[in-house]
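*Asks:* Build me a structure from this.
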Amino acid sequence: MARVPADPSAADTPRTPLLRIPRALARHYRSRRAHPTAELVQRPHPWKRALSLVAVVLLGAWLGLLVVGNVRTPVGPMNTTMTLRPSLTGGTKINVSPLGALELNSHHAPVRLDVNVDQLDPERAQALVDHPERISGLQEEIAGDVRHGTIDLAVRSGVAVVSGATALGLAVYRRPRRALAAGGLALALLAGAGGTAAATWNPNSVLEPKFSGLLSSAPSLVGNARSIVTEFDVYQKELARLVTNVTKLYDVTSTLPAYQPDPTTIRVLHVSDIHLNPASWKIIASLVEQYEINVIVDSGDTMDHGSAAENGFLDPIADLGAPYVWVRGNHDSLLTQRYLEGIDNTHVLDEGRAVTVGGLRFAGTGDPQFTPDRSTGKAGLPSEEEAGQRLADALRAQKAAGTPVDIAVAHNPDAARETDGQVPLVLAGHLHHPEMEMLEQGTRLRIEGSTGGSGLRAVEGKEPDPIEASVLYLDRDTRRLQAWDEIKLGGLGLTTAEVSRHLPKENQPGARPGDEGSPSPSGRTSTSGSPGGP
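*Replies:* Now for the predicted structure:
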């Protein structure tokens, strides 16, 4: 049987064509793998990348300051730790644990200088307490210590900020170039903050400190008003005085030094709007003792309803330790006024009556309105202005008689403003928050907050109202205001205390004679000092 020759092409034909991939198809897939299809990837917007970089820089800089951004340096007899901290307001905070803290409006920049008093050299501290005349020799030393410490702190903070931002940038981006960019930006931000602080540095901020802490420590730590007013031109002397006061508070005997007021000043405690709060009497008595107050002035609203049942609340006034000058508020009745007239050491002023108490001459008038009595119509602003005009007439009469009044008192500020030009200083209340105004014709108006923390109304809001009072320092010869301390205590159930020192504009560094501030279009001028920095 003849054989049929095999087809040469048949040898190349796979026996299982359905299970094998054709060569053309395989080549097709290989070509696709060699040239992958491009995909569209959306890159982040530039501003998002910039914000991310700024966030990394700020966080890294803060961590760097937190870890290594502090300097331990001696300041006179004290060992301190200086630290820079991020802040929206700037300034300097001196922590005198456990007594409290001093805040100075020393500069305006996004960094705050924290100074913690860690420890005293017992021998040097005791020598300074025993021989306060040595303060003159400490002035140069303390100023040099502060200068050296701040320079060291600036260098260390720069290294800490750059290192922290660079390290965090490297951890986040994993690219040396981006990390270096973060470090450079951190250095630029620190340089800008330092430049702003230097441009707004105000060494005179030591004249107007704000103290927060134990109220018993405030008079000694804040210092004497008279010495501040007369010696404000020497920054080193004030800095040395501040360090000396802190040192005294750390006396090795663990006792607070007694407050020694300057004998050339008269100290007036201004209270108002007690509103039947019995805790106010203990606070007032404490302030009288600590500040050695010469006279207390109450600008009204001592009661809440002016009823006879409330009169017994007034009995502690006789034991406060200083003469009590009082005017009627819109919550005080004539019944209240007559009861007060019978209390020892109390001087009730009404319809321009003038008295001399504690070396000062006062005149005042009661509020023409009595608002708790719903049967009495409220006359409003016209009645207040009329009462103020009657008080102004009485002041003119006193001046014509050769017995000018030093301080006028009215409850409502609308009545008090009518005395403008007739008296150097007029005191009022009613608003439940403190203010200081310079009126158009040169009279200074001091409005006090609520010394009773708004009384029973303290529990109406979300937060209790603070208890507020002021210590006014007047020159014994000229009887003009030299300085004042605003005192703010935590309200109901709180124990915090703040004392802020303020100077009238004419007593601030660089002021010229007669420079008492020009009123704003509204007739108001802040006299608490021009803003500045360290």
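*Asks:* Burial check on the closest residue in space to Phe313 that isn't next to it in sequence, number of neighbours?
*Replies:* For Phe313, the nearest residue in space outside its immediate sequence neighbours is Leu276; the separation is 5.9 Å by C-beta to C-beta, 6 or more residues apart in numbering. Using the backbone N, CA and C atoms, a C-beta is placed for each residue, glycine as well. A count of neighbours around Leu276, defined by other C-beta atoms under 10 Å, yields 17.
*Asks:* Give me the average confidence score over stretch 295-314.
*Replies:* pLDDT averaged over stretch 295-314 equals 93, rounded to a whole number.
*Asks:* Check the separation of the first and last residues in it.
*Replies:* In terms of C-alpha to C-alpha, to the nearest Å, the two terminal residues of stretch 295-314 are separated by 17 Å.
*Asks:* likewise stretch 192-210?
*Replies:* End-to-end span of stretch 192-210 (C-alpha to C-alpha): 27 Å.
*Asks:* so Val268 sits right up against Ile293, yeah?
*Replies:* Yes - in this structure, Val268 sits in contact with Ile293. The criterion is C-beta atoms under 8 Å, and the distance is 7.2 Å.
*Asks:* which of those two has more neighbours?
*Replies:* Set Val268 next to Ile293 and count neighbours by other C-beta under 10 Å: Val268 wins out with 29 against 23.
*Asks:* so what's the more buried one bridging to?
*Replies:* Val268 has the following beta-bridge partners by DSSP bridges: Val295, Leu472.
*Asks:* how close does it sit to Thr89?
*Replies:* Shown here: Val268 relative to Thr89, a distance of 31 Å by C-beta to C-beta, to the nearest Å.
*Asks:* and for Val268 and Ile293, which residues touch both?
*Replies:* Val471 (C-beta atoms under 8 Å, 6 or more residues apart in numbering).
*Asks:* Which parts of the stretch 201-350 of the chain are helices?
*Replies:* Assignment of helices within the stretch 201-350 of the chain using DSSP state H, counting those that start in this stretch yields the ranges 218-222, 225-230, 235-249, 279-291, 334-341.
*Asks:* quick one: which of those helices has the weakest pLDDT on average?
*Replies:* Among the helices of the stretch 201-350 of the chain, helix 225-230 carries the lowest mean pLDDT, a mean of 49.
*Asks:* My guess is the residue nearest to Phe313 contacts Ser307. True?
*Replies:* No - applying C-beta under 8 Å as the test, Leu276 and Ser307 come out as separate, 10.3 Å apart.
*Asks:* Quick check on Leu481: phi, psi?
*Replies:* For Leu481, the backbone dihedrals (degrees, to the nearest 10) come out as phi -70, psi 130.
*Asks:* surely it meets Tyr473?
*Replies:* Yes - in terms of C-beta under 8 Å, Leu481 counts as a neighbour of Tyr473; the distance is 7.3 Å.
*Asks:* Now do the helices in this structure.
*Replies:* 23-34, 46-68, 122-130, 135-173, 176-199, 218-222, 225-230, 235-249, 279-291, 334-341, 381-400, 413-416 (DSSP state H).
*Asks:* Now do the last one: everything it contacts.
*Replies:* The set of residues external to helix 413-416 that reach it, using C-beta under 8 Å, 6+ apart, is 365, 367-368, 381, 384-385, 387-388, 391, 408, 410, 426-428, 430-431, 445, 447.
*Asks:* The same query, at a cut-off of 10 Å, please.
*Replies:* The list of residues contacting helix 413-416 from outside it, by C-beta atoms under 10 Å, 6 or more residues apart in numbering, reads 299, 327, 364-368, 380-392, 408-410, 423, 426-431, 435, 437, 439, 443, 445-447.
*Asks:* Can you select the buried ones among these for me in PyMOL?
*Replies:* The following PyMOL command selects only the buried members of those, with burial defined by 16 or more other C-beta atoms under 10 Å:
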select buried, resi 299+327+364+365+366+367+368+383+384+385+387+388+390+391+392+408+409+410+423+426+427+428+429+430+437+439+443+445+446+447
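*Asks:* Comparing the helices of the chain by mean pLDDT, which bottoms out?
*Replies:* Mean pLDDT values for the helices of the chain show the minimum at helix 225-230, a mean of 49.
*Asks:* any idea how far Val117 is from Ser205?
*Replies:* For Val117, the distance to Ser205 under the criterion C-beta to C-beta works out to 18 Å.
*Asks:* Now do Asp262, the pLDDT please.
*Replies:* Each residue has a pLDDT score; the one for Asp262 is 81.
*Asks:* From Tyr291, how far out is it?
*Replies:* Between Asp262 and Tyr291 the distance, using C-beta to C-beta, works out to 12 Å.
*Asks:* Specify which residue of these two has the higher count of neighbours.
*Replies:* Neighbour totals were compared for Asp262 and Tyr291, and Tyr291 leads with 21 against 17 (other C-beta under 10 Å).
*Asks:* Surely that one is in contact with Trp484?
*Replies:* No - taking C-beta atoms under 10 Å as the definition, Tyr291 is not a contact partner of Trp484, at 11.6 Å.
*Asks:* What mean pLDDT does stretch 402-412 get?
*Replies:* What stretch 402-412 shows for mean pLDDT is 97.
*Asks:* what number of residues lie near Gln337?
*Replies:* When counting by other C-beta under 10 Å, one arrives at 17 neighbours for Gln337.
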